[in-house]
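Colleague: Below: sequence and its predicted model.
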Amino acid sequence: MDSYSATIVATGAVVAGACGFVGNFLVLRRMALLGDAISHSVLLGVVLAFLITGDRGIGPMFAGAAVFGLLTAVMVQALGRGGVAEDAAVGVTFTAFFALGVVLLTLYAGRVHLDLEHVLYGEIAYVPWDTIEVGGISLGPRALWTMGAVFLLNLAAVGLFYKEFKICSFDPEMAAALGIPVAFFHYVLMALVSLTTVAAFESVGAVLAVAMLIAPGATAYLLTHRLGWMLGLSVVCGAASAVLGYGMAAWLDVSISGAMAAAAGLLFALALLFSPSQGVVVKRLRRRRVGLRKEDVLQ
Amino acid sequence: MNQVQTTELRRQEAAGDAQAARVPAVEVHDLSVAYQKRPVIWGIDFQIPAGKLVGLVGPNGAGKSTLLKAILGLVPPASGWVKIFGRPYDAQRRRLGYVPQRESVDWDFPTSVFDVVLMGRYGHLGLFRRPGKADREMAWECLRRVGMADFAHRQISQLSGGQQQRVFLARALAQDADIYFMDEPLAGVDAATEHAILELLGVLRDQGKTVVVVHHDLQTVSAYFDWVLLLNMRLVACGPTKDVFTPENLQKTYGGRLTVLAHTAHTVSPA
């Protein structure tokens, strides 16, 4: 594998690791769509941050994204308390934010040099050419550094607050009774999701970011009965999707991001069919075996 | 000294402490809770002395779970206050144990029986700290007390309803509390589990702990509890079972649902 391919696969794997890691908790809390919503809402934050600061740098963009990611989570909760069904609250909030982002983007199209195509469908294929240089020495692709940092941040946050994230996901009422600040950890998770998606968005595009947020976690969920294993397996599944997707893209000559996202979906389908404990095929086989035994008894 | 004498001594000590201080285990004053302006419980006043096994009884929608949650600080009160051993809830958090309704969690969550019980220790740990050896030993001990030690490494989705209830009970025991609040721990369990749980609650009471249990089966109230709270949005009565669990009070609590009353009238107040 040449260095171009290696860089792309590595970036894909790191994106998958970072997204999948926080995505696990979205899957477990049945908030998978909230991740999708946040990944769209952040567009408004990115555009506003640019319009206010006039800076296309990474700092204001992340800040704007984090603010609007959190705002999405807050809005969904507030609407839910006001009696709106949660899926409707999610749907209304993110489409409104996203649409406003698109309107502002086109309204100030002359001043905003944000490439909508790139932001939405951003292509992992361009990653190797966008490098960080310090004193004339290239340190490698910027996306790899950004996503690596986000991955480490997620790892540190979940590592430090493992038991809090665990009990807040499993039994938030008990967590509150024990004195754990459930709302605080909810918003910490939402902030991490916002930060992760906007970083992934900007590096590799929306399709891959959203796919990697949910698919690896959902796949790992089918393969294990332990949270620790699930976290690890989701990273492995994500990395495998990156490798597999790159192979598919090279073979069929298609979009790399699209192929990686499709590979993540493919792995999920395989797990759904062949998981040793919960797979459809295994369950069917087990049932047939039981059926045979019954016939033996009847004879 | 054998186990029975030891527990009796502990009970006397605990009862003596409480009496000397004359502090009720739970004191609730003018407590109201509303969801979206619709009152669920209204103007609740009562005291529960320490060392009682208390049944919280009332019809569906009477606000029993809400009352427990309000006492535990899980829902904000619209009015009133709660004191646990004479002090506000926040100061006494570690002295409270909680068993939520079994249906309130996702039993497909990827975790083991042992890990769930260990969660009972989280309140004693604080941020950053992981459960240590002493916490793990305690979790094992609590699993043994509910007869679930053999299931420690099972995935929680593989348990029956009664076993799930025992796991929740073990988790509450791991909280090492002085007062336990349990939301329908006997709902949907078989007769053997019901007896095992009840025996355990009796042991807790004999150790001087206070146990408040949301209970649905009116026929067993007199046999199971030495103190009763009757609730239907407002407090109907609170006191020793033999004084309070009367047909008149049940009539007030359950209103027109006379079929229930006709059925249970003969089991009430045998004296």
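Modeller: Perfect, thanks for sending it. Residues are numbered from 1 along each chain as shown, chains lettered A, B, ... in the order given.
Colleague: Surely B:Val28 is in a strand?
Modeller: Yes. Judged by DSSP: H, G, I helix; E, B strand; the rest coil, B:Val28 forms part of a strand.
Colleague: what pairs with it across the strands?
Modeller: B:Phe46, B:Val82 (DSSP bridges).
Colleague: I'd guessed it sits against B:Ile71; true?
Modeller: Yes. Assessed by CB atoms under 8 Å, B:Val28 is found in contact with B:Ile71 at 6.8 Å. Every C-beta, even on glycine, is put in place using the N, C-alpha and C of the backbone.
Colleague: which residues are in contact with both of the two?
Modeller: B:Val82 (CB atoms under 8 Å, 6 or more residues apart in numbering or on different chains).
Colleague: contacting residues for the spatially most central residue of chain A?
Modeller: In chain A, the C-alpha nearest the mean C-alpha coordinate belongs to A:Leu213, at 1.9 Å (CA atoms, centre = their mean). Applying CB under 8 Å, 6+ apart to A:Leu213 gives the contacts A:19-20, A:22-23, A:26, A:32, A:35-36, A:39, A:193, A:196-197, A:200.
Colleague: State the distance from it to B:Ala134.
Modeller: 39 Å (CB to CB, to the nearest Å).
Colleague: cool, and A:Trp129?
Modeller: As judged by CB to CB, A:Trp129 and B:Ala134 stand 56 Å apart.
Colleague: again, but for B:Ile41
Modeller: The value you get for B:Ile41 to B:Ala134, if CB to CB is used, is 39 Å.
Colleague: Ok, A:Ala271 next?
Modeller: A:Ala271 is 39 Å from B:Ala134, where distance means CB to CB.
Colleague: neighbour count winner among the two?
Modeller: A:Ala271 (21 against 10; other CB atoms under 10 Å in any protein chain shown).
Colleague: was I right about the more buried one contacting A:Gly217?
Modeller: No. The criterion here is CB under 8 Å, and A:Ala271 misses it with A:Gly217 at 11.3 Å.
Colleague: Would you mind listing what in the stretch 51-200 of chain A touches chain B?
Modeller: A:83, A:160-164, A:166-167, A:169-171, A:173-180 (CB under 8 Å from any CB of the partner chain).
Colleague: Just the buried subset of the residues you listed, please.
Modeller: A:161, A:163-164, A:166-167, A:169-171, A:173-180 (16 or more other CB atoms under 10 Å in any protein chain shown).
Colleague: Give the buried residues for stretch B:227-243.
Modeller: Result for stretch B:227-243 [16+ other CB under 10 Å]: buried residues B:227-239, B:241.
Colleague: ignore the last one, stretch A:263-276
Modeller: Buried residues in stretch A:263-276 (16+ other CB under 10 Å): A:Ala263, A:Ala264, A:Leu266, A:Leu267, A:Phe268, A:Ala271, A:Ser275.
Colleague: what do you get for stretch B:101-117?
Modeller: B:101-102, B:105, B:107, B:109-117.
Colleague: In strands only, show me these.
Modeller: Among those, DSSP state E puts none in strands.
Colleague: Check these one by one and keep those near chain A.
Modeller: Answer for these near chain A (CB under 8 Å from any CB): B:Val105, B:Phe109, B:Pro110, B:Thr111, B:Ser112, B:Asp115, B:Val116.
Colleague: pLDDT added to these, as a markdown table?
Modeller: What follows is those, written out as a markdown table (pLDDT from 0 to 100):
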| residue | pLDDT |
| --- | --- |
| B:Val105 | 92 |
| B:Phe109 | 93 |
| B:Pro110 | 93 |
| B:Thr111 | 94 |
| B:Ser112 | 94 |
| B:Asp115 | 94 |
| B:Val116 | 95 |
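Colleague: Which two of those residues have the greatest separation?
Modeller: B:Val105 and B:Ser112 (14.2 Å; CB to CB).
Colleague: So which residues of chain A form strands?
Modeller: A:131-134, A:137-141.
Colleague: Need the winner for burial among those.
Modeller: strand A:137-141 (a mean of 13; mean count of other CB atoms under 10 Å in any protein chain shown).
Colleague: Note down every partner strand of it and its orientation.
Modeller: strand A:131-134 (antiparallel).
Colleague: In the stretch 151-271 of chain B, which residue sits closest to chain A?
Modeller: Per CB to the nearest CB, B:Gln155 is where the stretch 151-271 of chain B lies closest to chain A, at 3.8 Å.
Colleague: what pairs with that residue across the strands?
Modeller: Assigned bridge partners for B:Gln155, using DSSP bridges, are B:Ser112.
Colleague: To what extent is it buried, counted in neighbours?
Modeller: Neighbour tally, B:Gln155, other CB under 10 Å: 18.
Colleague: Could you check how far it is from A:Val22?
Modeller: For B:Gln155 relative to A:Val22 (CB to CB), the value is 23 Å.
Colleague: cool, A:Thr224 as well?
Modeller: A:Thr224 is 18 Å from A:Val22, by CB to CB.
Colleague: These two: which has the busier surroundings?
Modeller: A:Val22 (29 against 20).
Colleague: which residue sits closest to that one in space, ignoring its chain neighbours?
Modeller: Counting by CB to CB, 6 or more residues apart in numbering or on different chains, A:Val22 lies nearest to A:Leu192, which is 4.9 Å off, once chain neighbours are set aside.
Colleague: ok, now B:Pro49?
Modeller: B:Pro49's closest residue in space is B:Pro24 (CB to CB, 6+ apart), at 5.5 Å.
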